[in-house]
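> Please find the sequence and the predicted model below.
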Amino acid sequence: MAQSTIQLGASAGPAPLQLELLQSISVAMAQARDVETVLQKIVTGLVEEASCTLARIWLVAPGDICARCEMRSECPNQEECLHLKASAARPTNPQSGDRWHVIDGDFQRFPMGARIIGRVGASGEPEHLLDTADDEKWVGRDDWLHRENIRSFVGYPLRFREEILGVLGVFTRELLSPGKVAWLKLFADQAAVAIANARAFEEIERLQRRLELENEYLRQEVKVAHGFGEIVGQSPALRKVLDQMALVGPADTTALIYGESGTGKELVARGIHERSRRKDRAMVTVNCGSVPRELFESEFFGHAKGAFTGAIRDRVGRFQLADGGTLFLDEIGEIPLDLQSKLLRVLQQGTFERIGEEHTRKVDVRVIAATNRDLEKEVEAGRFREDLFYRLSVFPITVPPLRQRLNDVPMLANHFMMEACERIRMPLPKLKRRHVEALQNYDWPGNVRELQNVIERALIGAQSGLLEFELPRQATSSRQVGSSTDRTEKPRKVILEQSEVKRLERDNFLAALEASHWRIYGEKGAAELLGMRPTTLSSKIKALGLRGE
C-alpha cells in the first residue's frame, strides 16, 4: 500500500478556521456525559462540520461474534478486536439503500493487527493514504471507493494515557492537505480525551446508581435486618452455631442454613456476611416464598424495558444489586424447578442475562441460602435439583429451635424487654422467677419470633397493670411428653444452676438501675422498682460490683 509520510512544520499546521472548527466540535463533545453520545458527536461533527465523507470509530473490546465474523481467519486469538461503535456519512445517493455507512453493516469488527484499521489499533501508530489512486485494493471495497469518489483516508489511534481506546477512521472525497491531516490528528487526540472522560462519567454514574440502589434497599431492610436484635444466648447448641459462623464467614463459600421458621436464620446469614471480606458491601435478601412464580426470573436477574407487559423501565435484579456482596436466599426450597437451572448457572459461572436482553452480565456474589424444608427429601421427590442442592450445601448450618435451648430464654426475654421498653418509652418492669418458669415451660413452636411477640404484647399490657405473659394453656414443654394424664399434670419446675441464678439477679438489678438512671432512693428509684430496701440494694450493688457509666 502506498502510504504518505508528512513532515508537519509551521506551514503545515491547522489553519485558524480549522482550529475554530476543532474548538466548536470539542465543545459539543465535552457537553456529553455518556460514551455513545460522545462517539456520535465526534463522527457527526466530522461529516457535517468538516466535510468528511465517512467517519467511523472502532473501540477495543473482547471478541463477541467470532463464530460469524468475516475476518475470523485474520484474527490472531479471537479474544480482542475493534468494535464499530459510531458511524456517520454523506453518501452520494442517500436513497440507494446501500448499507456501507451504517454501524451494523460491513467491517463492524476488525481483528487487532488485521488490515489498516487493525494495524492502527495494534501498533498505536497513525496511517495516512492521501491519494487512493495509488492503491485501490487496501480498503477491500474498491467498487465503493470508485462509486463514492473517495480520494483520501486517515486512521488515527485514540490514545489516552498510553492506553489505546480504539481507532478513528476518516474518508474524504478531497485530497487532504498537510494542514488538514494535522488538524485531524489534533481532533483525534481531543476525541480520545472526550471518550475517556465520558467513560469516567459513566462509571461514576454507574457507581452512584448502584450506591443509590443499595441505600434504597438498605433503608427498606433496616426495619427487619435485626428483627430478633443481636444473636443472644449462651447455650451449647447456640455456641455451636456461632463457631460454625466464625469458620465459614471468611471462607467466601456458599452456605445452607437449616432451621424452623422464626429461629433467626437471617441473623445467622448476616453474621456470616459480617465476618467475610464482603462486609463493606450490602447483604441483599430475597424471600423466595413471597415472590410470585411469574416474577422469579425478573426478581433475580432483572429485565429490560419492554421485555414484557408492564416492564415500563429497566429493572436491576437482586444478583446485580448484590454484586461484590452477599445474596441471602431465604426459603430456597420455594424456587420453581424450571428456574433452578438458571440459578445453578449463576452459582457456577457468575453470569446471567436480564429478561429481554442478549447481553451477558458477570457478577461476583456470595450466596447464602436458608430453608425450613428437608431439601434431601425434596430432591428425592423431584422438587429440587440434586446438583443445585450439592452446590448450595457446601457448608450446612442447623439453627436449633428455641425448645432445644430453653436456657437462653431468660436472656432473650430480658433483651427483648429492654428493646421494646426503649421503643415504646416505658420503664423496664421486673422479670420475676415465675415469669422465667412460665417462659421456659413453653414449647415455643414459633421460636424466637414468637417469644419476641409475646414479650412485646405483655409489655403493652403492663403499662396499665402487672406484667403477665399470655401463653396457650395446652402448650407443654418438649421435656414433658407422655400420656394425656401426664399433659394435665402441673408442669415440672425448672431447676437453675447457682451461676445462672446469680447472673439473672445481676441482670435484674442492672436493668432496674438503668431504668431509674442509677437513682436508688425515692419515688421510681431502683429500690422501689425492685421492691426492696434501699440499704439492701446498696449492699447488693457493692457485692455484685455494679457500676454506672
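That came through, no problem. Computed from a predicted structure; not experimentally measured. Residues are numbered from 1 along each chain as shown.
> For Leu207, which residues are in contact?
For Leu207, the contact set (C-beta atoms under 8 Å, 6 or more residues apart in numbering) is empty. Just so you know, the C-beta spots here come from the backbone N, C-alpha and C atoms, and that holds for glycine as well.
> Just the element for it, please.
Using DSSP states H and E, Leu207 sits within helix 178-225.
> what pLDDT, on average, does that helix get?
The pLDDT scores in helix 178-225 average 71.
> other SSEs contacting the next helix or strand along the chain from it?
Using DSSP H and E, the next helix or strand after helix 178-225 towards the C-terminus is helix 236-248. Under the contact definition 3 or more C-beta pairs under 8 Å, 6 or more residues apart in numbering; DSSP states H and E, helix 236-248 sits against helix 265-274, strand 396-398.
> Kindly recompute the last result at 7 Å.
Judged by 3 or more C-beta pairs under 7 Å, 6 or more residues apart in numbering; DSSP states H and E, helix 236-248 is in contact with helix 265-274.
> Can you give the strand pairings for the next helix or strand after the helix it packs on, parallel or anti for each?
Later in the chain than helix 265-274, the nearest helix or strand by DSSP H and E is strand 283-287. Applying DSSP bridges to the sheet, strand 283-287 is found paired with strand 326-330 (parallel).
> could you check the angle helix 265-274 makes with the partner strand?
Orientation of strand 326-330 against helix 265-274 (axes from the mean of the first three to the mean of the last three C-alpha atoms, to 10 degrees) gives an angle of 170 degrees.
> Only the C-alpha atoms, please, for strand 326-330, written as CSV.
The C-alpha trace of strand 326-330 is given here as CSV (Å, rounded to 0.1, in the frame of the first residue of the first chain):
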residue,chain,number,x,y,z
THR,A,326,-23.8,-11.3,49.6
LEU,A,327,-27.2,-12.6,48.4
PHE,A,328,-29.3,-14.3,51.0
LEU,A,329,-31.9,-16.5,49.5
ASP,A,330,-34.4,-17.3,52.3
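> Which residues outside it are in contact with it?
265-266, 269, 273, 276, 278, 283-288, 318-319, 365-370 (C-beta atoms under 7 Å, 6 or more residues apart in numbering).
> Filter those down to the buried ones.
Taking 16 or more other C-beta atoms under 10 Å as the criterion, what is buried in these is 265-266, 269, 273, 276, 278, 283-286, 288, 318-319, 365-370.
> Lowest-scoring secondary structure element of this protein by mean pLDDT?
Least confident helix or strand, the chain: helix 484-488 with a mean of 34, by mean pLDDT, DSSP states H and E.
> Check which residues of stretch 382-396 are buried.
By 16+ other C-beta under 10 Å, the buried positions in stretch 382-396 come out as Phe384, Arg385, Leu388, Phe389, Arg391, Leu392, Ser393, Phe395.
> what's the span of that stretch from first residue to last?
Counting by C-alpha to C-alpha, to the nearest Å, you get 21 Å between the two ends of stretch 382-396.
> where exactly do the strands run in the stretch 1-150 of the chain?
Using DSSP state E, counting those that start in this stretch, the strands assigned to the stretch 1-150 of the chain run over residues 54-62, 80-89, 109-111, 127-129.
> Can you spell out which helices and strands pack onto the helix or strand containing Glu505?
Glu505 belongs to helix 498-515 when assigned by DSSP H and E. Helix 498-515 sits against helix 409-424, helix 526-530, helix 534-544, with contacts defined as 3+ C-beta pairs under 7 Å, 6+ apart.
> for it, which positions count as buried?
For helix 498-515, the neighbour count (16+ other C-beta under 10 Å) marks Glu500, Leu504, Asp507, Asn508, Phe509, Leu510, Ala511, Ala512, Leu513, Ala515 as buried.
> Give me the contact list for that helix.
Applying C-beta under 7 Å, 6+ apart, the set of residues contacting helix 498-515 from outside is 410, 414, 418, 427-428, 430-431, 526, 529-530, 540-541, 544, 546, 548.
> got a list of what the residue nearest the centre of the chain touches?
By C-alpha atoms, centre = their mean, the mean C-alpha position of the chain lies nearest to Ala322, the distance being 2.0 Å. Applying C-beta under 7 Å, 6+ apart to Ala322 gives the contacts Ala282, Val284, Val365.
> So which of the buried residues of stretch 382-396 belong to helices?
Among those, DSSP state H puts Leu388, Phe389, Arg391, Leu392 in helices.
> Just give the nearest non-adjacent residue to the third one, would you?
Distance criterion C-beta to C-beta, 6 or more residues apart in numbering; nearest residue to Arg391, sequence neighbours excluded, is Leu347 at 5.2 Å.
> Kindly report the same for Ile541.
Excluding the flanking residues, the one nearest Ile541 by C-beta to C-beta, 6+ apart is Phe509, at 6.9 Å.
> State the pLDDT value of Val139.
At Val139, the pLDDT value in this model is 51.
> quick one: pLDDT of the residue nearest to the centre of the chain?
Per-residue confidence for Ala322 comes out at a pLDDT of 90.
> In the chain, where is pLDDT below threshold?
In the prediction, the chain carries residues with pLDDT under 70 at positions 1-33, 94-101, 131-142, 210-230, 464-465, 473-501, 547-549.
> Got the domain ranges for it?
Structural domains assigned to the chain are 10-202, 226-400, 403-544, following automatic domain parsing.
> measure the shortest one end to end?
If I follow you right, that is domain 403-544. End-to-end distance for domain 403-544: 31 Å, by C-alpha to C-alpha.
> before we move on, what about stretch 422-435?
Terminal residues of stretch 422-435 lie 20 Å apart, using C-alpha to C-alpha.
> residues touching the nearest residue to Leu46 once chain neighbours are set aside, list them.
Distances taken as C-beta to C-beta, 6+ apart put Ala55 closest to Leu46, at 3.9 Å, once the chain neighbours are dropped. Residues near Ala55 by C-beta under 7 Å, 6+ apart: Val43, Leu46, Val47, Ala88, Val170.
> The second one touches Leu54, doesn't it?
Read that as Leu46. No - look at Leu46 against Leu54 with C-beta atoms under 7 Å: they stay out of range, at 9.0 Å.
> Now render the buried residues of stretch 382-396 as TSV, adding distance to Gly113.
Output for these, formatted as TSV (distance: C-beta to C-beta, whole Å):
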residue	distance to Gly113
Phe384	50
Arg385	45
Leu388	44
Phe389	48
Arg391	41
Leu392	45
Ser393	48
Phe395	48
